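Engineer: Here's my sequence, what's the structure:
(chains A, B, C and D)
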Protein chains: 4
Amino acid sequence: MDLVMVGLGRMGANMAERLVRGGHRVVGSDPGKEALSRAAEKGIEPAESLAAAVEALPSPRIVWLMVPAGELVDTLLDELKSLLSADDIVIDGGNSMYKDTVRRAQTLRASGLHYVDVGTSGGVWGLAEGYSMMVGGETAIVDSLTPLFEALAPAADKGWGHVGPSGAGHFTKMVHNGIEYGMMQAYAEGFAIMEKKAEFDLDLHQVAEVWRHGSVVRSWLLDLTANALDKNPALAGIAPYVSDSGEGRWTISEAIELDVSAPVITLSLLERLRSREKDSYGDKLLAAMRNEFGGHAIKSS
Amino acid sequence: MDLVMVGLGRMGANMAERLVRGGHRVVGSDPGKEALSRAAEKGIEPAESLAAAVEALPSPRIVWLMVPAGELVDTLLDELKSLLSADDIVIDGGNSMYKDTVRRAQTLRASGLHYVDVGTSGGVWGLAEGYSMMVGGETAIVDSLTPLFEALAPAADKGWGHVGPSGAGHFTKMVHNGIEYGMMQAYAEGFAIMEKKAEFDLDLHQVAEVWRHGSVVRSWLLDLTANALDKNPALAGIAPYVSDSGEGRWTISEAIELDVSAPVITLSLLERLRSREKDSYGDKLLAAMRNEFGGHAIKSS
Amino acid sequence: MDLVMVGLGRMGANMAERLVRGGHRVVGSDPGKEALSRAAEKGIEPAESLAAAVEALPSPRIVWLMVPAGELVDTLLDELKSLLSADDIVIDGGNSMYKDTVRRAQTLRASGLHYVDVGTSGGVWGLAEGYSMMVGGETAIVDSLTPLFEALAPAADKGWGHVGPSGAGHFTKMVHNGIEYGMMQAYAEGFAIMEKKAEFDLDLHQVAEVWRHGSVVRSWLLDLTANALDKNPALAGIAPYVSDSGEGRWTISEAIELDVSAPVITLSLLERLRSREKDSYGDKLLAAMRNEFGGHAIKSS
Amino acid sequence: MDLVMVGLGRMGANMAERLVRGGHRVVGSDPGKEALSRAAEKGIEPAESLAAAVEALPSPRIVWLMVPAGELVDTLLDELKSLLSADDIVIDGGNSMYKDTVRRAQTLRASGLHYVDVGTSGGVWGLAEGYSMMVGGETAIVDSLTPLFEALAPAADKGWGHVGPSGAGHFTKMVHNGIEYGMMQAYAEGFAIMEKKAEFDLDLHQVAEVWRHGSVVRSWLLDLTANALDKNPALAGIAPYVSDSGEGRWTISEAIELDVSAPVITLSLLERLRSREKDSYGDKLLAAMRNEFGGHAIKSS
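Structural biologist: Coordinates of the predicted model:
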């Protein structure tokens, strides 16, 4: 199939390359000259502009957005509305908030366009191992894109699925990331407990390797953890500072909206916030309170 | 009544003083010369040794221990067993683990002695305002000590009670402290949220003062919080480092043993542990994992 | 002073009554005939309509809204915009989301009106004991309303304060309620642990009474807890079902937005959600997973 | 090699069978006649008694215990002390508390015996897929047992390791199970959120299948979850009742002892406790408190 890939950052470039390897024709659009020329080396056709990229495709055109969630998506959709014609398809493969996706799908439908959301997991390993994709949108449209999903997935019939109407793909991906936070935190806590147990002087890389085979906690995240511990078992030089990119927050907010108690996913996010608090006012206040009622000594900062 | 107060630290000295003010005769025992002479100024009779202190009392003798929980209590009980006679009474007013209290009561009973546990709350304010006391032990013995409790409590008939058999006093005090952790953490979080909300530039001391009168969250801990914020609204110079002294841990352990889910008390303790982790291995591992799967940048330490 | 009280439900009627007792003239507006006639018995002048109520006041007019947060406030503000004139004052004493308040204040200012937000705590006890009020808005306007706040507060100079610009009052009240959730949950957990400890057979009402005097956990919420346990120590006939009315959710959402980790306030809300889950899908899935990997028996529902 | 397997329940019988398949000679000991005869069909030699089993082995004898953690282990060790001779080896492959293991190893060493702890993961799938084993004990002894571990593991050089001195194997397995709790809870929460999102009408089995290939959350537990959802997507007939078998509690207790905050593992256990609370006193008290201060309606039980 022919498609435009908009956004040739880490994710977009890799996905475009995997599509090219799968026999598809990918026209690439990106504001960065360097990204375009790197993409060209992988067989992706560089386009000078979004308009030029769209121009290069036969109808119905397929435009795959792989850009950071947020306003940029709306800006691009506005531009695409003027460039595309009825029955063209826009795919959002990024981590958009699913409520934005539901809204955007309605807007595009009003312009005769089709909108498909593809929650995409796999990270930097997706190029080699294939991506897991949760697809939302109209059935006929999603069906027509099957060859693309088959090329991107780990296997033609594995790792992707049409999970529901517009928004369902991004919703499912959001929850996926919430679970990811919880699993990561579970491992992090377990390894931290073992690291602190000086008397056993455990080799944490060895433990991770043992667990990778036959244990109940084996997983791909554990494989990666073993990699990380192999390279740097003491995690030297790494700041205990953990970022978050939004999906965890949305998952928590959604859970509360649905009246579902999700303490582990929630605490996983809070731990990340906590990792970034350098000088907690709350903890200072606790120390001050203890001093007030019990005369307990305060540590000076 | 006549009694020996063993341990003339902050709590013991204040309680002895309040008993003296209440018309009781208190013989003080403490290894520290200075503590003894300070106590003497308050009308507490200094004794040169535990033996001398016990000697100074009429039978049946009452010995009140106000020392740190742990081995020291067992050591003192061993010594007291040889100094005391049948029907003498030993009171443990400290924060002993209630299971130790149950065990010690059995041991003392075998020696013909009576053991009473008094979970004591009130901190440095108890001297002026009176102590809240949860008393465990045999009914007749506890009844015989009523004048002491009436003198120590905020009012003769308020703030103390015989709550159950040996151990019940310390058990109740343990849970009291668990609740205290939860309440403190709730305030700390709320004030931290307000402190971070720069756009409203709230005066946190003012907010605490407003809440002290008429609000649902008014409490003595809030009064103290207002004090602390009055003296030092920015909590300048105070390290975000929060100690814990055991009862919180025991409450959590007990809750789990009883199959009661107590998430708030539990998280309150974990937050204190967290306040003392300077360089969390778990957080470093999370950062390393994110880098492995998503190529997300690691912050250097 | 003269004012209109819009909304004569439990909170509005009590506040109007306290204002009347304080020597103020209150015109009452409410769609319910019964509420109006009950109010009339307390010295509140019933008005047939909002228009009539507003008509009855001298300029500048003061209209105090005491209605459920949400769309109703916007509807009333729309109506008031046509009834009021420049320099009139509208007060929102309900639990509006502070972001709505900021927005509404801007809209009203564009119409020459003043908007004041009064976060109000005190519940059904406020009539007798006075209300705690956190006030947001323009300084001159808030100052002009001082006599009203002095009448409503527990004492003229206690329990109320102008905490910041528009929205700051509702923001502060929101956090107040978050703290309230945490404190309530801390008590609930502590009493649940004691209730489960069959061997000590504790009298929980007695324990609450003991703690009310001299202990670190004494508070107004504990006073109420003692009341409840006095009337019904076994809490017989009460379903373990805990509602929430929004401010807890907003506090959590705000904390996350501000990157402040507030685990105790957060878990307090989650526990309420949990109390309402009758047939947790998550717990069923855990049971199913345990069966899959370990052959552990599943309990039938 | 020749060894005795004591305990032919689900785990012991399967491990014995895998050892037999690996070319080892296994004498089986179990109080159950049926377990013995089932074992005999798999090539395990049934012994009439522990003494007879031990008798059947050449020196140095190897006795592998695969029994529930707790007193039974101590009882068996007492019996074995009289049956075994210097340099014989006892292996505890169950989920014993690591502190018990440290103690037992010291006791056995005093009798000239060697003690090896093998934390074993793999559940009912271990027979087919191999077990993950974390081994603690003296290096020379563990080395001498290598052929057994190679036969039990998924591959000779994968899924097992000598992680440290006596106790280190059980310690590592304990933490493994803590992580397992956290991961399971993360999945359970995520699927519960999706299940509640009626508007997308997600096919949860399909989602699990999609995630199994290429996603960040792929894992063996997810494979099992997909199995469970395939058989029973609505989880019909399954009670939301989740048991726990001790290691989670120990992990939490250990984390607190080490001053490591492990909120996710901790909350995972609390959620299990919560799943078993039918009539939470704490939640009733919250409802009663809300009624006291706000007049909020109580739901009748």
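Engineer: Tell me which stretches of chain A form strands.
Structural biologist: Secondary structure of chain A, counting by DSSP state E: strands at A:2-6, A:25-29, A:45-46, A:62-65, A:89-92, A:114-121, A:132-136, A:160-164.
Engineer: Dump the ones you listed to JSON lines, plus mean pLDDT.
Structural biologist: Written out in JSON lines, the entries for those read as follows (pLDDT from 0 to 100):
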{"stretch": "strand A:2-6", "mean pLDDT": "98"}
{"stretch": "strand A:25-29", "mean pLDDT": "98"}
{"stretch": "strand A:45-46", "mean pLDDT": "98"}
{"stretch": "strand A:62-65", "mean pLDDT": "98"}
{"stretch": "strand A:89-92", "mean pLDDT": "98"}
{"stretch": "strand A:114-121", "mean pLDDT": "98"}
{"stretch": "strand A:132-136", "mean pLDDT": "98"}
{"stretch": "strand A:160-164", "mean pLDDT": "98"}
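Engineer: Which among the ones you listed is found nearest to chain C?
Structural biologist: With C-beta to the nearest C-beta as the criterion, chain C lies closest to strand A:160-164 of the strands of chain A, at 17.4 Å. C-beta: built from backbone N, CA, C; applies to glycine.
Engineer: Setting aside sequence neighbours, what's the nearest residue to residue A:219?
Structural biologist: Residue nearest to residue A:219 in three dimensions, not counting chain neighbours: residue D:219, with 3.1 Å by C-beta to C-beta, 6 or more residues apart in numbering or on different chains.
Engineer: OK, contacts around that neighbour?
Structural biologist: For residue D:219, the contact set (C-beta atoms under 8 Å, 6 or more residues apart in numbering or on different chains) comprises A:183, A:217-222, D:183.
Engineer: and these, which of them are in helices?
Structural biologist: Filtering those for membership in helices, criterion DSSP state H, returns A:183, A:220-222, D:183.
Engineer: List only buried entries from those residues.
Structural biologist: Neighbour counting with 16 or more other C-beta atoms under 10 Å in any protein chain shown marks A:183, A:220-222, D:183 as buried within the ones in helices among the contacts of residue D:219.
Engineer: show me which of these neighbour chain B.
Structural biologist: Restricting those to those near chain B by C-beta under 8 Å from any C-beta of the partner chain leaves residue A:221.
Engineer: Now for the buried ones among the ones in helices among the contacts of residue D:219: which two are most distant?
Structural biologist: Distances among those were taken as C-beta to C-beta; the most separated pair is A:220 and D:183, at 12.1 Å.
Engineer: any idea where the helices of the stretch 201-301 of chain A begin and end?
Structural biologist: A:204-211, A:220-231, A:247-257, A:263-276, A:281-294 (DSSP state H, counting those that start in this stretch).
Engineer: how about those helices in TSV, adding mean pLDDT?
Structural biologist: Written out in TSV, the entries for those read as follows (pLDDT from 0 to 100):
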stretch	mean pLDDT
helix A:204-211	98
helix A:220-231	97
helix A:247-257	98
helix A:263-276	98
helix A:281-294	95
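Engineer: just the helices in the stretch 1-150 of chain A please.
Structural biologist: A:10-21, A:33-41, A:50-55, A:71-83, A:98-110, A:126-129, A:139-144, A:146-152.
Engineer: would you turn the ones you listed into TSV with distance to chain B, mean neighbour count and mean pLDDT?
Structural biologist: Formatted as TSV, these follow (distance: least, C-beta to the nearest C-beta, whole Å; neighbours: other C-beta atoms under 10 Å in any protein chain shown; pLDDT from 0 to 100):
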stretch	distance to chain B	mean neighbour count	mean pLDDT
helix A:10-21	6	22	97
helix A:33-41	15	15	97
helix A:50-55	25	18	98
helix A:71-83	19	15	97
helix A:98-110	20	17	98
helix A:126-129	10	18	96
helix A:139-144	26	14	98
helix A:146-152	17	19	98
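Engineer: Columns distance to residue D:60 on top of those helices, output as TSV?
Structural biologist: Putting the helices of the stretch 1-150 of chain A into TSV (distance: least, C-beta to C-beta, whole Å) gives the following:
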stretch	distance to residue D:60
helix A:10-21	57
helix A:33-41	64
helix A:50-55	75
helix A:71-83	70
helix A:98-110	64
helix A:126-129	47
helix A:139-144	65
helix A:146-152	58
